[in-house]
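Novice: Sequence first, predicted coordinates after that:
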Amino acid sequence: FMARDLAEHEGICPEAQVECTNAGCGATVARRSMGEHREGCGWEEVECPCPGCEERMVRAELGQHVAASGEVHLQRTWKRVDEQGRTIAELQLTNAGLEEKVAELKAASTAKAKVQARRSRSSAMSTPGCRSALKR
């Protein structure tokens, strides 16, 4: 190996020991294991998993945040449940109206088809060939 090749290899080698890039961590792991390390690293920045909470903190503080914010998280969750309930009710009303409209359109279509069938039979009966067949 030439010095340049060695430096290049060390920059990509999966076995090379590298330091975690999370501020405050300082752990050194093999490059190939860095992703796995960061998935559990207490210093990895994470977002609170509660819908509507946009707080960001290091993973090590997440438990404390969830415990301290439980009431606020619960209120947000109930608010979302209430909003979703109203949305469901509105969608059910819209759906009922649409189903009624579909039934009306089907009925109108059936009626129109019956009228066209009668007209077709009526015009077929009025042709000269039909009249002579009826006279016999």
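Specialist: Great, that's in hand.

Novice: What segments of this protein are strands?
Specialist: The residue ranges that make up the strands of the chain, judged by DSSP state E, are 17-19, 28-30, 45-47, 56-58.

Novice: Phi and psi next, for the residue nearest to residue 48 when sequence neighbours are not counted.
Specialist: Leaving aside its chain neighbours, residue 48 sits nearest to residue 55 (4.5 Å; criterion: CB to CB, 6 or more residues apart in numbering). (C-beta placed from N, C-alpha, C; glycine too.) Main-chain torsions, residue 55, degrees, to the nearest 10: phi -60, psi 140.

Novice: What are the neighbouring residues in contact with residue 55?
Specialist: Contacts of residue 55 were listed using CB atoms under 8 Å, 6 or more residues apart in numbering, and they are 47, 48, 65, 69.

Novice: How much space separates it from residue 31?
Specialist: For residue 55, the distance to residue 31 (CB to CB, to the nearest Å) stands at 31 Å.

Novice: Need the buried ones from the contacts of residue 55 selected in ChimeraX.
Specialist: Only the buried members of those end up in this ChimeraX selection, burial being decided by 16 or more other CB atoms under 10 Å:
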select :48,65
